[in-house]
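[1] Compute the structure for the input listed below.
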Amino acid sequence: MTTLCALVLLLASANPAPDGGSPPQAPPRAAKRPEVSSFHGVEVMDPYRWLEKAQDPEVRSWSEAQAAAARAWLDGLPHAGEIRAQVADIVKARSTSWFGLADRPTGLFALQVDPKLQQPQLVLLPSAEAPERVRVLVDPNVLDKASGTTIDFFVPSLDGRKVAVSLSRGGTESGDVQVYDVGTGKPVSGVIPRVNGGTAGGSVAWNADGTGFWYTRYPHPGERPAEDLGFYQQVWFHRLDAPGAADKLELGPELPRIAEIRLATKRDGKWVLAEVRNGDGGEIEYWLRPAAKGSWKRLSAFQDKVVGADFGEGPDLFLLSREGAPRGKVLRLSLPPPAAKPLAAARLVVPEGDGAIQGVVPTRSRLYVEELEGGPSRLRITDLSGRAVGVVPILPVSAVGQVVRTGADDVLFLNTSYLVPAAWYHFAAAKGTVARTRLFQTSPVDLSGAEVVRGFATSKDGTRVPVDVLRMKGTKLDGERPTILYGYGGYGISQVPAFNSVRALWLLNGGIYAVASIRGGGEYGEAWHLGGNLTRKQNGFDDFLAAADWLVAERYTRPGRLGILGGSNGGLLMGAALTQRPEMFRAVVSAVGIADMVRVETTPNGAFNITEYGTVRDPDQFKALYAYSPYHHVKDGVPYPAVLLTAGENDPRVDAWHAKKMAARLQEATASGLPVLLRLSGWGHGMGSSRDEVIAQTADFYAFFFHELGGDFHPIAVSPPPPP
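    Residues are numbered from 1 along each chain as shown. Next comes the predicted model:
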């Protein structure tokens, strides 16, 4: 690639080097090799399609040069070393945390995040009040000294004596399942391959006596063409006393090519449920079978709009339905359901209300109804007939994470806010009281002087868009504050309050951090999601741009000091924002983002995204996709903001070529003299990244924003880590 090596630009003759000396060598320009495709009579030019060939030596050479140039620039930024050291100090000083709790007769299973270690561990706790008696069951840090192995998911047997664990490597999310004996910590039986993946995930559900389990299975090499190995997920059954070759296919030919399956067993072991998603757009159907004997029967179809299900303690299945209720309603179905039209036997127990129902957790005599009110959570209680019992007290303007049944009617729930670290709380149903358990996090930084202000921007079509602003109390609103605006807006995923101690670096140095809850998310229910997907995706971009305008109008900042941040679908949002309103921002970070909406569906995970984004095969959807596709709307001679693009070469969700093509096009086109950097890693989408990789990437983001937005960095006080 000698011609590319010769085509080197300085990042900015008008943009002085960070240290005041000579600017670092800029990344090499990519050769233009235009290819033209025609869609519904429209010719689409693609000058950098050759960069999609990841293993091509020329692409690898160009990518390595890009990564080296980005590394040199980022490492040369003022305070880059100090910022990285501070991020590392904060992350390593965090207290231990626990997530993914599962209650079994043997205790509480959880993933434990120890800041001293690179990867989370699977542990067993006797209760939420005895973290000092934790026992490590599976430690990826021991299994892989290089820190590349992670736990994708785990499922304990119903009696808690065994646990199935999916392990993957290098951020690939390609997980194989190993069963461990909980008493000895030793592996049981052989490894079950290709259970988890980055396209459709993976799942396991045990039978009643722990002698076997149902599991999701991707095609094995040779069973389908290589291009189909990430599709056609099926349900198989495995007995621990039999070889894997004896496993039986139970559910699969009836399912769509882009099926995403989650499995669950009733606590008494009598029934097994399969949730089947038709890709990522929110279409869901359910299949049910008696666990001991019988076959899978379809309980609901995609058009029935049942989007959640959980077994009760008695002979009931509780369903979350959006049929005629975009904010959700709860139905109760007795088991076994009638063979014909099973949903006709379901009766309404919780009607649609003013909150967007996210899920329902049944206990012996109660229902815990998890809701969102535009972002913040509410946890309501009813009896099994839907009569109101009360509300669980939670932190103000906070998010409720997982809710776990424990005992007859008590629950454990995870609760956090922008200003309070996450903790597990115990709700005692009989007393109606909440107490923080000993599974709580502490903050290594002091954010007691911070506050959160909620405002509302007005979008292009008049829609009110929530904007949460984090700032230090007494912040002067003079239009000069360095500000980061974050957004996502897709798949019905909601932006909820969350504590992040590293954010203190920004806030305590006078910066402002804002979160926009735009359409495409689920903050106000399914109508909010549908208002920003498929051909309506532009609504979400308009919402985000309105949030940026609002920050300027309210005199928090100005365009020259405004940066934006988003990842994955949020990275697509970044690309749309910077191509539609380049003058509005000084700096953009697009992490593992989608850029080419015309060719995204040619990738495995892109095919799963069709139900969310649309397909170029449909004329109207192509028109919408092409209208906002960031890669196709970069214009020559436009003064674009400073841009930092990231990608993982092992990413199974968003192929690295999206960022590569976007970087090549922006580097060719921009007239601002500001940097366009491509930060490449050997990891994936972020799942499974080691602690040190997370530290390094986070530090790069903040160093980039401090430099480009004019932030004045000073080290902040970090408390030492708490004792074990």
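
[2] which ones are touching the residue nearest to His658 when sequence neighbours are not counted?
    Closest residue in space to His658, ignoring its immediate chain neighbours: Ala595 at 4.2 Å, by CB to CB, 6 or more residues apart in numbering. (Glycine included, C-beta is placed from N, CA and C.) By CB atoms under 8 Å, 6 or more residues apart in numbering, the contact set of Ala595 is Gly571, Leu572, Gly575, Ser629, Pro630, Tyr631, His658, Ala659, Lys661, Met662.

[3] Can you tell me which of those residues end up in strands?
    Among the contacts of Ala595, DSSP state E puts none in strands.

[4] farthest-separated two in those residues?
    Considering CB to CB, no two members of these lie farther apart than Ser629 and Ala659, which are separated by 14.3 Å.

[5] More neighbours: those two, which one.
    In this view Ser629 and Ala659 are compared by other CB atoms under 10 Å, and Ala659 has more residues nearby, 29 against 23.

[6] Could you look up the SS state of the closest residue to the more buried one other than its chain neighbours?
    Nearest residue to Ala659 in three dimensions, chain neighbours excluded: Ala647, at 3.8 Å (CB to CB, 6+ apart). Ala647 falls in the strand class when you classify it by DSSP: H, G, I helix; E, B strand; the rest coil.

[7] Surely Ala647 and Ala656 touch.
    Yes: Ala647 is in contact with Ala656 according to CB atoms under 8 Å; the separation is 3.8 Å.

[8] For these two, list the residues in contact with both.
    Taking CB under 8 Å, 6+ apart as the criterion, Ala647 and Ala656 both touch Leu680.

[9] Show me which of the two is the more surrounded one.
    Ala647 (30 against 24).

[10] Who are the contact partners of that one?
    Contact analysis of Ala647 by CB under 8 Å, 6+ apart lists Val592, Val654, Ala656, His658, Ala659, Lys660, Leu678, Arg679, Leu680, Ser681.

[11] Recalculate using a threshold of 7 Å.
    Under the criterion of CB atoms under 7 Å, 6 or more residues apart in numbering, the neighbours of Ala647 are Val592, Ala656, Ala659, Lys660, Leu680.

[12] now do Val123
    With the criterion set at CB under 7 Å, 6+ apart, Val123 makes contact with Ala110, Gln112, Val134, Arg135, Val136, Leu137.

[13] coming back round to it: my reading is that the residue nearest to His658 is in a helix; is that accurate?
    No: per three-state DSSP, Ala595 lies outside any helix segment and is coil.

[14] Ser95 reaches Pro722, doesn't it?
    Yes: the criterion here is CB atoms under 7 Å, and Ser95 meets it with Pro722 at 4.9 Å.

[15] any shared contact partners between the two?
    Thr442.

[16] domain parsing for this protein?
    For the chain, the structural domains run 2-8+15-89+445-709, 148-297, going by automatic domain parsing.

[17] And the helices in the chain?
    Under the criterion DSSP state H, helices of the chain are mapped to 2-6, 57-75, 80-93, 140-143, 504-507, 526-530, 537-553, 569-580, 604-608, 610-613, 619-628, 657-669, 691-709.

[18] Generate JSON lines for those, with mean pLDDT and distance to Lys32 as supplementary columns.
    Listed next are the helices of the chain as JSON lines, based on pLDDT from 0 to 100; distance: least, CB to CB, whole Å:
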{"stretch": "helix 2-6", "mean pLDDT": "28", "distance to Lys32": "11"}
{"stretch": "helix 57-75", "mean pLDDT": "97", "distance to Lys32": "13"}
{"stretch": "helix 80-93", "mean pLDDT": "97", "distance to Lys32": "33"}
{"stretch": "helix 140-143", "mean pLDDT": "97", "distance to Lys32": "44"}
{"stretch": "helix 504-507", "mean pLDDT": "98", "distance to Lys32": "38"}
{"stretch": "helix 526-530", "mean pLDDT": "98", "distance to Lys32": "38"}
{"stretch": "helix 537-553", "mean pLDDT": "98", "distance to Lys32": "27"}
{"stretch": "helix 569-580", "mean pLDDT": "98", "distance to Lys32": "19"}
{"stretch": "helix 604-608", "mean pLDDT": "94", "distance to Lys32": "24"}
{"stretch": "helix 610-613", "mean pLDDT": "98", "distance to Lys32": "27"}
{"stretch": "helix 619-628", "mean pLDDT": "98", "distance to Lys32": "20"}
{"stretch": "helix 657-669", "mean pLDDT": "98", "distance to Lys32": "8"}
{"stretch": "helix 691-709", "mean pLDDT": "97", "distance to Lys32": "27"}
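
[19] Can I get these in CSV including distance to Pro497?
    Formatted as CSV, the helices of the chain follow (distance: least, CB to CB, whole Å):
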stretch, distance to Pro497
helix 2-6, 46
helix 57-75, 30
helix 80-93, 19
helix 140-143, 30
helix 504-507, 15
helix 526-530, 17
helix 537-553, 17
helix 569-580, 17
helix 604-608, 29
helix 610-613, 25
helix 619-628, 29
helix 657-669, 29
helix 691-709, 19
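
[20] would you turn the domains of the chain into JSON lines with distance to Phe413?
    Putting the domains of the chain into JSON lines (distance: least, CB to CB, whole Å) gives the following:
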{"stretch": "domain 2-8+15-89+445-709", "distance to Phe413": "14"}
{"stretch": "domain 148-297", "distance to Phe413": "18"}
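
[21] now for those domains, which one comes closest to Ala325?
    The nearest among those, by CB to CB, is domain 2-8+15-89+445-709 at 8.6 Å.

[22] circling back: return a ChimeraX selection command for the buried portion of the contacts of Val123.
    Applying 16 or more other CB atoms under 10 Å to these, the buried members can be selected in ChimeraX as follows:
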select :110,112,134,137
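
[23] returning to what we had before: ok, Ser95 and Pro722, which is more surrounded?
    Using other CB under 10 Å as the criterion, Ser95 and Pro722 rank with Ser95 on top: 19 against 13.

[24] got a list of what that one touches?
    Residues in contact with Ser95 (CB under 7 Å, 6+ apart) are Gln441, Thr442, Pro722.

[25] Was I right to think the second one contacts Ala423?
    I take that to be Thr442. No: the pair Thr442 and Ala423 does not pass the contact test of CB under 7 Å, sitting 9.4 Å apart.

[26] Which one's more surrounded, these two?
    Set side by side, Thr442 and Ala423 give different neighbour counts by other CB under 10 Å, the larger being at Ala423 (21 against 15).

[27] quick one: the strands in the stretch 151-300 of the chain?
    In the stretch 151-300 of the chain, the strands defined using DSSP state E, counting those that start in this stretch lie at 162-169, 175-181, 187-196, 204-206, 212-217, 234-239, 248-251, 259-265, 271-278, 284-290, 297-300.

[28] now the fourth one, how far from the centre of its chain.
    What separates the centre of strand 204-206 from the centre of its chain is 23 Å, taken as CA atoms, centre = their mean, to the nearest Å.

[29] Note down every partner strand of that strand and its orientation.
    Strand partners for strand 204-206, identified by DSSP bridges, are recorded as strand 212-217 (antiparallel).

[30] between the contacts of Val123, which is nearest Pro559?
    Nearest to Pro559 among the contacts of Val123, with distances taken as CB to CB, is Gln112, at 43.6 Å.
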